[in-house]
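Colleague: Sequence first, then the predicted structure:
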Amino acid sequence: MEAVAQLQGFQGEVGVTMDYEPLFLEACKKLLESSLDTRTTDMIPVEISTCDLPVIDLGRLNSTDHVEREECKKEIIEAAKQWGFFQVVNHGISQQLLQRLLSEQMKVFHRPFAQKSQETSTSFNYKWGNPFATNPRQLSWSEAFHVLPHGPPNMADHHHQCLRSMTEAFARKAGPLAQRLAEILGEELNMKSRYFRENCLPNTSFIRLNRYPPCPIPKHVFGFLPHSDSTFLTILFQDQVGGLQLLRDGTWVGVKPNPHSLLVNIGDLFQVLSNGVYRSIRHRVAAAQKVERFSVAYFYNPSHDAVIESHGTPKVYRSFTFREYKQQIEKDVKETGDKVGLFRFLL
């Protein structure tokens, strides 16, 4: 099989010098040998068209001109309705902080796999690939650290002190930014203004540090599986490598990196709150053959007991708690290798 041969050749090139790489080669070879998904007709297209997401200048929200502030809010609302994704500039998070965070996460990902794979605690959890994958199309060629920035200080050794400082600084900025955007979107739904302040506390959101290693078979696996986010909002900082793709009108399109902006996308929970008016869009990350890619995602989540209820009639979704939603996703992933998502909660 050509894909298996590519893996073997890549493994020979890598040798033992890159000891920080997860065991993708071993996991993927087994899946490739036992799967029919390696047929040429079922390959993942490497080249696709790109799109220009809306770019919104959040500096206008601080304008003394009421009309300008309202126009900015309307742009945010329309982007949530029409795209589910948009870019923001003048967002209040400095480039210096973002670059320092990127530098620190590169260091921790380049630590030996044998070490970082053991670094699991309540506030710092390492994951790679997809342990429930049954074919190559379900294997994410990526690794991640899930970080609770306001959790207990379990990252006390010298490897993590700087990273912890950077993630906490990022969270202090990203949290209020997410809350402000959520409240603007909530106003359009006639929601109570205190909903997000009461249900989305600093310790209910989390950060995921992502790394996408070079992949020898980008036509057979994803960098990250197609999915929608199980959040209210996600705020994403990414490097300039590119690879993020979203599903628009039934077609996958690439998102061009913008060095001056952060990406914001609507999550499943906001789609429910809006009764389907705001769109939680499926997206994925393409695997890159020769370069590694990094990104940082801030997931704006409620507490486990928060009730998620549609604001609109007739209601499209039944009410549920965030805990119920997470439990259903975990069950589906274990049984199918992927999440089913909001389909489970339709009325």
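Modeller: Happy to help now that I have it. Note that the structure is a prediction, hence the values are computed from the model and not measured. Residues are numbered from 1 along each chain as shown.
Colleague: so Asp229 sits in a strand?
Modeller: No: Asp229 is assigned coil when assessed by DSSP: H, G, I helix; E, B strand; the rest coil, not a strand.
Colleague: nearest spatial neighbour of it, skipping sequence neighbours?
Modeller: Of all residues not flanking Asp229 in the chain, Gly267 sits nearest, at 4.1 Å (C-beta to C-beta, 6 or more residues apart in numbering). Where C-beta positions appear, they are placed from N, C-alpha and C, glycine not excepted.
Colleague: Would you confirm that that neighbour contacts His227?
Modeller: No: with contact defined as C-beta atoms under 8 Å, Gly267 does not count as touching His227 (10.6 Å).
Colleague: one step back: so who does the residue nearest to Asp229 touch?
Modeller: Gly267 is in contact with 228-234, 280, 299-300, counting by C-beta atoms under 8 Å, 6 or more residues apart in numbering.
Colleague: which helices and strands sit right next to the top helix by length along the chain?
Modeller: What stands out as the longest helix in the chain, according to DSSP state H, is helix 161-188. Helix 161-188 is packed against helix 66-82, helix 95-109, helix 195-199, strand 206-212, strand 233-238, helix 268-273, strand 293-300, with contacts defined by 3 or more C-beta pairs under 8 Å, 6 or more residues apart in numbering; DSSP states H and E.
Colleague: What pLDDT is listed against the spatially closest residue to Thr50 that is not a sequence neighbour?
Modeller: Counting by C-beta to C-beta, 6+ apart, the nearest residue to Thr50 once its immediate chain neighbours are dropped is Gly254, at 4.2 Å. Looking at Gly254, its pLDDT is 94.
Colleague: ok so Gly254 is a strand residue?
Modeller: Yes: when three-state DSSP is applied, Gly254 is found to be in a strand.
Colleague: Tell me how far it lies from Leu244.
Modeller: Going from Gly254 to Leu244 by C-beta to C-beta, to the nearest Å gives 7 Å.
Colleague: Neighbour count: those two, which is higher?
Modeller: Between Gly254 and Leu244, counted using other C-beta atoms under 10 Å, Leu244 has the larger neighbour count: 22 against 16.
Colleague: Tell me which helix or strand comes right after the helix or strand of the chain at the bottom of the mean pLDDT ranking.
Modeller: Within the chain, no helix or strand scores below helix 2-14, which has a mean of 52 by mean pLDDT, DSSP states H and E. Counting by DSSP states H and E, the next helix or strand C-terminal to helix 2-14 is helix 24-34.
Colleague: what sits against the residue nearest to Ile207 when sequence neighbours are not counted?
Modeller: Closest residue in space to Ile207, ignoring its immediate chain neighbours: Val147 at 4.5 Å, by C-beta to C-beta, 6+ apart. Taking C-beta under 8 Å, 6+ apart, we find Val147 in contact with 123-125, 164, 167, 206-209.
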